[in-house]
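> With the sequence up front, the predicted model follows.
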There are 2 protein chains.
Amino acid sequence: MKGADTEFMERRSIIENSFRGLQQNIIAALEQEDGKGRFSTENWERTEGGGGITRLLSKGKIIEKGGVNFSAVYGKTPDAIKKGFSIDAEEFFASGVSVVLHPENPFVPIIHMNVRYFELSSGEAWFGGGIDLTPAYVFHEDGLAFHQALKTVCDRFDPQWYHQFKAKADRYFYLPHRQECRGIGGIFYDRIKPQNEKDFEKLLAFSLNLGNTFAPVYTTLMRKHSGKEFTEENKNWQLHRRARYVEFNLVHDAGTRFGLETNGRTESILMSLPPMARWESNFIPEAGSAEEKSQQYFSLPIDWIG
Amino acid sequence: MKGADTEFMERRSIIENSFRGLQQNIIAALEQEDGKGRFSTENWERTEGGGGITRLLSKGKIIEKGGVNFSAVYGKTPDAIKKGFSIDAEEFFASGVSVVLHPENPFVPIIHMNVRYFELSSGEAWFGGGIDLTPAYVFHEDGLAFHQALKTVCDRFDPQWYHQFKAKADRYFYLPHRQECRGIGGIFYDRIKPQNEKDFEKLLAFSLNLGNTFAPVYTTLMRKHSGKEFTEENKNWQLHRRARYVEFNLVHDAGTRFGLETNGRTESILMSLPPMARWESNFIPEAGSAEEKSQQYFSLPIDWIG
């Protein structure tokens, strides 16, 4: 039987290699679909252990601004991480892939994806992640197809997961100060602890399946909407919805706040912010307009799939 | 001798009338200087007691977006307010005037002013407030004149105040995650408790003096810079600095966070956000450029007046 240390190191490298590969796959698919934009590459190291690869894109043909970040950090467990676990442990390992894309065309939605893994030297560990969609203009059939794709991934692993994780996303991606959902949700899972080796494999497979669903789902939406003509009014509405995205990320998003408060890499964390956003006081879309119809989708979470 | 209740009510009405007048004076001066923009008026009431007047301006000739808000609220003391005081009290009264102005021309600075007063039915009370300047382009002589004007007001009341309150502003208007000052500071005072009636009068007079210094100081800057021609590069730099303003207000500003977390009036609180802002990853101004020269002012607080 292998010792705990060996197992710890093996799991680390499985996770790290899988997530690194996921980052590469997503980038290849996005660059191909965009046709023009290329992701820059910045390798960084963490003084206390580990590092990451920040890959940013600016002014592509379809993607105006975005990032696909990978990190794998380890070392002495920071206090801020310790509170999430029941057992005290000397060392930690954390790895993840995070994606946020801000398209230029107002009819292409903003998308966010994240998969992550935490482990302590005591053996305690958890998986987390999710995908959610933030369209300025909601196309009902897109919302349906998006949620269906997520359900298909979940159903391969557990028939309860889609509904559980969809409800979690609805609760999480909500702006109380605006009484609005950020977008049309998706799935969100957090602190799912593997009970044994088989469970670890299942949760990793789920995270990778989800990660690999991201590119086909999003490139389909890029292809479908990025050629559409848009007016200044359409752009204004997009800039207004992006401002809500900024508010969510800076006021509410746990990952962003944790990163900023624990002296994280600011440019990597804030890659999630849009290239441009607009705040107009008391802005209310005109009655009967396409903007108002989309706005209605944000007032309450939608039950997309029965 | 008057009872505590009568004194409480008298102070309330003195504060409320003074602050209401201050709001009117500032608006008159700004509308006159802008020449085109007019502030809208929204009277609102707080269910639990009191209310306010939100006055917003959009698309003026010089001011692109701004607000001059007054409020005077009272009633049963909310828990969130109680923690700031040593004595428990049933009732509270809070009143203030808040100003944030975002000019269109990148050479005109953003400005923020606030004066506020809290009182509990137990008699405990405090004053707070300040003015600070956030230029995209720093003109040294403007910074000097601005700080000198603040020092002149402070010196009328206490020779220590300017230096004390200037240091407080430098600490407060700082973005740790960017290791940057928000702008070129100003003065900030908080929880200054009047020890007796005379002290109350002194602190109120100081707050009103400061409030009434705002309009002449800022209209001078409007007049000086608003006619300047600017390029797309100048505008981009302004939009970049405005993004930092958004980051400060949503991540750090105590008033904004308190307001959003205690279910305040979102549109009144977030009037401070700019009409448009821009996030470009890893944006660094060119060596030797005017933008880089301004950036240098933000790296450490400047000792403007010996």
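Sure thing, it's come through.
> for residue A:104, what are its contacts?
Residue A:104 makes contacts with A:62, A:63, A:64, A:226, as judged by Cβ atoms under 8 Å, 6 or more residues apart in numbering or on different chains. Placement of C-beta: from N, CA and C, glycine included.
> What is the nearest of those residues to residue B:221?
Of all the contacts of residue A:104, the one with the least separation from residue B:221 (Cβ to Cβ) is residue A:64, at 33.6 Å.
> I figured the closest one was touching residue A:103, is that so?
Yes - with contacts defined as Cβ atoms under 8 Å, residue A:64 counts as touching residue A:103 at a distance of 6.2 Å.
> The two: which is more packed in?
Between residue A:64 and residue A:103, counted using other Cβ atoms under 10 Å in any protein chain shown, the more crowded position is residue A:103 (26 against 20).
> Am I right that that one is in contact with residue A:59?
No - Residue A:103 lies out of contact with residue A:59 (Cβ under 8 Å); the separation is 11.7 Å.
> residues in contact with the closest residue to residue A:202 other than its chain neighbours?
Nearest non-adjacent residue to residue A:202, counting by Cβ to Cβ, 6 or more residues apart in numbering or on different chains: residue A:157, 6.3 Å away. Contact partners of residue A:157, counting by Cβ under 8 Å, 6+ apart, are A:202, A:205, A:206, A:209.
> I'd like those laid out as JSON lines, including distance to residue A:295 and secondary structure.
Output for the contacts of residue A:157, formatted as JSON lines (distance: Cβ to Cβ, whole Å; DSSP: H, G, I helix; E, B strand; the rest coil):
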{"residue": "A:202", "distance to residue A:295": "39", "secondary structure": "helix"}
{"residue": "A:205", "distance to residue A:295": "38", "secondary structure": "helix"}
{"residue": "A:206", "distance to residue A:295": "33", "secondary structure": "helix"}
{"residue": "A:209", "distance to residue A:295": "33", "secondary structure": "helix"}
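> Just the closest of those residues to chain B, please.
Chain B has its nearest neighbour among the contacts of residue A:157 in residue A:209, at 29.5 Å by Cβ to the nearest Cβ.
> Report the beta-bridge partners for the residue nearest the centre of chain A.
The centre of chain A sits closest to residue A:113, judged by Cα atoms, centre = their mean, with a distance of 2.4 Å. For residue A:113, the beta-bridge assignment (DSSP bridges) gives partners residue A:99, residue A:131.
> The one 4 residues further on now?
Note on residue A:117: beta-bridge partners by DSSP bridges are residue A:95, residue A:127.
> Need the nearest residue in space to whichever residue of the stretch 151-300 of chain A sits closest to chain B, chain neighbours excluded.
Per Cβ to the nearest Cβ, residue A:250 is where the stretch 151-300 of chain A lies closest to chain B, at 3.8 Å. With Cβ to Cβ, 6+ apart as the criterion, residue A:250 has its nearest non-adjacent residue at 3.8 Å, and that residue is residue B:250.
> burial of that neighbour, as a residue count?
21.
> wait, what's in contact with it?
Counting by Cβ under 8 Å, 6+ apart, residue B:250 touches A:246, A:247, A:250, A:251, B:256.
> since we're on the fourth one, how many residues are nearby?
I take that to be residue A:251. Per other Cβ under 10 Å, the neighbour tally for residue A:251 reads 20.
> repeat for residue A:255
For residue A:255, using other Cβ under 10 Å, the count is 16.
> Quick one, grab the pLDDT at the closest residue to residue A:220 other than its chain neighbours.
What sits nearest to residue A:220 in space, not counting adjacent residues and going by Cβ to Cβ, 6+ apart, is residue A:145, at 7.9 Å. At residue A:145, the model reports a pLDDT of 98.
> which one is residue A:192 nearest to, not counting chain neighbours?
residue A:127 (4.9 Å).
> surely the one you found meets residue A:204?
Yes - contact criterion Cβ under 8 Å: residue A:127 and residue A:204 qualify, at 7.3 Å.
> Give me the common contacts of these two.
Common neighbours of residue A:127 and residue A:204 (Cβ under 8 Å, 6+ apart) are residue A:117.
> of these two, who's got more company?
The residue with more neighbours, out of residue A:127 and residue A:204, is residue A:127; 24 against 19, by other Cβ under 10 Å.
> residues touching that one, list them.
Applying Cβ under 8 Å, 6+ apart, the residues contacting residue A:127 are A:115, A:116, A:117, A:189, A:192, A:194, A:203, A:204, A:206, A:207.
> again, 10 Å this time
A:15, A:96, A:115-119, A:189-194, A:199-200, A:202-204, A:206-207 (Cβ atoms under 10 Å, 6 or more residues apart in numbering or on different chains).
> Which PyMOL command selects the buried ones in the residues you listed?
Those of the contacts of residue A:127 that count as buried under 16 or more other Cβ atoms under 10 Å in any protein chain shown are selected in PyMOL with:
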select buried, chain A and resi 15+96+115+116+117+118+119+189+192+194+200+202+203+204+206+207
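> What about the contacts of residue A:127, which are in helices?
A:15, A:199, A:200, A:202, A:203, A:204, A:206, A:207 (DSSP state H).
> which one of those is nearest residue A:177?
Nearest to residue A:177 among the ones in helices among the contacts of residue A:127, counting by Cβ to Cβ, is residue A:207 at 31.6 Å.
> which ones are touching the closest residue in space to that closest one that isn't next to it in sequence?
Counting by Cβ to Cβ, 6+ apart, residue A:207 lies nearest to residue A:115, which is 4.3 Å off, once chain neighbours are set aside. Shown in contact with residue A:115 (Cβ under 10 Å, 6+ apart): A:15, A:18-19, A:22, A:95-99, A:127-131, A:189, A:204, A:206-211, A:214.
> Around the residue nearest to residue A:220, count how many other residues there are.
Residues near residue A:145, counting by other Cβ under 10 Å, number 16.
> what helix or strand is it on?
Residue A:145 belongs to helix A:140-155 when assigned by DSSP states H and E.
> Mind listing what's buried along the helix or strand just after that helix?
Where DSSP H and E defines the elements, the next helix or strand beyond helix A:140-155 is helix A:161-172. Residues of helix A:161-172 classed as buried by neighbour count (16+ other Cβ under 10 Å): A:161, A:162, A:165, A:166, A:168, A:169, A:170, A:172.
> contacting residues for the closest residue to the first one other than its chain neighbours?
If I follow you right, that is residue A:161. Residue nearest to residue A:161 in three dimensions, not counting chain neighbours: residue A:154, with 4.0 Å by Cβ to Cβ, 6+ apart. Residues near residue A:154 by Cβ under 10 Å, 6+ apart: A:160, A:161, A:162, A:163, A:164, A:165, A:166, A:187, A:189, A:206, A:209, A:210.
> Okay, helices next: where are they in chain A?
Counting by DSSP H, chain A has helices at residues A:4-34, A:79-82, A:140-155, A:161-172, A:197-225, A:232-247, A:254-261, A:266-269, A:290-299.
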